[in-house]
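Q: Provide a 3D model corresponding to the input given below.
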Amino acid sequence: MASAKSRHVPLRRCVLCRASLPKAELIRLVRGADGGFELDPAGRAGGRGTWVCRSCAEEPTEKRLRQAFRGQAERVRELLAHARSGRPRAGAEGAPAEGIGTEA
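A: A predicted model of the protein is given here:
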């Protein structure tokens with residue numbers, strides 16, 4: 001038993017560029033009660049989630065946003081801008097951790 005078991009890393013696919021990445025590297029959006037999209041920083045909200053990678057969140061193309069989110073493209077663009085500006089990441093217990101979202 002020389003080798004240690006590696007942990008399973010769940011992968012999700014970015015809806016804009018179709019790249020499969022670990023969940024921790026993606027931004028999750030969910031449909032709210034009003035039918036619009038909302039950010040899910042903890043990644044634990046109920047319902048189907050839509051995942052967007054950080055590179056697509058940095059420079060989302062208008063065409064891909066319209067294809068993926070139809071009439072909600074402008075709202076999703078605002079949410080992605082908000083997520084880029086300082087999205088708190090989930091802590092150990094799922095609570096938002098302060099000061100972790102910025103990288104040098």
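Q: okay, CA-based contacts and neighbour counts for the rest of this
A: Noted.
Q: can you give me the strands for the protein?
A: Shown for the chain, the strands assigned by DSSP state E span residues 11-13, 20-22, 26-31, 37-39, 49-53, 89-90, 96-97.
Q: out of those, which comes closest to Leu79?
A: Closest to Leu79 of the strands of the chain is strand 37-39 (CA to CA; 6.6 Å).
Q: which residues does the spatially most central residue of the chain bridge with?
A: Central residue check for the chain by CA atoms, centre = their mean: the C-alpha nearest the mean position is that of Ile27, 1.0 Å away. Beta-bridge partners recorded for Ile27 (DSSP bridges): Val52.
Q: residues touching it, list them.
A: 39-41, 51-54, 83 (CA atoms under 8 Å, 6 or more residues apart in numbering).
Q: which among these gets closest to Arg64?
A: Val52 (11.4 Å).
Q: And the pLDDT for the closest one?
A: Listed pLDDT for Val52 reads 96.
Q: next one: the one 5 residues further on
A: pLDDT, Ala57: 94.
Q: Tally up the residues packed near the closest residue to it other than its chain neighbours, please.
A: In space, and not counting its chain neighbours, Ala57 is closest to Leu80: 5.5 Å by CA to CA, 6 or more residues apart in numbering. Neighbours of Leu80 under the rule other CA atoms under 10 Å: 24.
Q: go on, the one 3 residues further on?
A: Other residues within reach of Ala83, judged by other CA under 10 Å, total 20.
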